[in-house]
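Participant: Fold the following for me, if possible:
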Amino acid sequence: MIIYSPTDGDALMSTVKSMPQHCFLITKLGGEIPPELKRMRTEIARLCHKAQIKTIDATHHVTGRDVLIKIWRLIAATPISIAVCHESFPPGTLANIYYEIGVAQAMGKETLIVKSPGFTVASDLVRTDLKPVQNMRL
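Facilitator: Below you'll find the predicted structure:
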């Protein structure tokens, strides 16, 4: 697969090492982490470990370079991405999470969203097509 740089659209010239037994976690990493989110991440890691899959996130490897390109490369290297969402996340964090979900889906990766009970998923990601309402007046 050719991976194009999100910063200039040129093809990345270095290879991306495949990590087939890995899962990329998309979630809030810095600042205050709610206990419920910690439990969710721990359970995801436990279930992945049971399936012989190692979980990694954007802190997996420090490059000292562009973090956006690093995330693209990690998503490209792994077969599945799991987004973990919580109602306490600020809008900027949610924007990053949804962006990374979009990148993963555009690359053809399996994606999964795990959410806390109080979190509402964006309508496009619910992925349930509802029957149109008949005779609706606008």
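Participant: Bridging across strands, which residues link to the residue sitting nearest the centre point of the chain?
Facilitator: Residue closest to the mean C-alpha point of the chain, counted by C-alpha atoms, centre = their mean, is Ile26 at 3.5 Å. When bridges are called by DSSP bridges, Ile26 pairs up with Ala83.
Participant: How about the contacts made by it?
Facilitator: 57, 81-84, 97, 100-101, 104 (C-beta atoms under 8 Å, 6 or more residues apart in numbering). For every residue, glycine as well, the C-beta is placed using N, CA and C.
Participant: what's the pLDDT at it?
Facilitator: If you check Ile26, the pLDDT there is 95.
Participant: next one: the one 3 residues further on
Facilitator: What the model reports for Leu29 is a pLDDT of 84.
Participant: can you pull out the strands in this structure?
Facilitator: 22-26, 54-56, 80-85, 110-115 (DSSP state E).
Participant: Distance to Ala45 added to those, as CSV?
Facilitator: Compiled in CSV, those are given as follows (distance: least, C-beta to C-beta, whole Å):
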stretch, distance to Ala45
strand 22-26, 8
strand 54-56, 5
strand 80-85, 10
strand 110-115, 12
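Participant: most tightly surrounded among those strands?
Facilitator: Stretch with highest mean neighbour count among the strands of the chain: strand 22-26 (a mean of 24; mean count of other C-beta atoms under 10 Å).
Participant: and the angle for it with strand 110-115?
Facilitator: 50 degrees (axes from the mean of the first three to the mean of the last three C-alpha atoms, to 10 degrees).
Participant: Next, the angle from strand 22-26 to strand 80-85.
Facilitator: 30 degrees.
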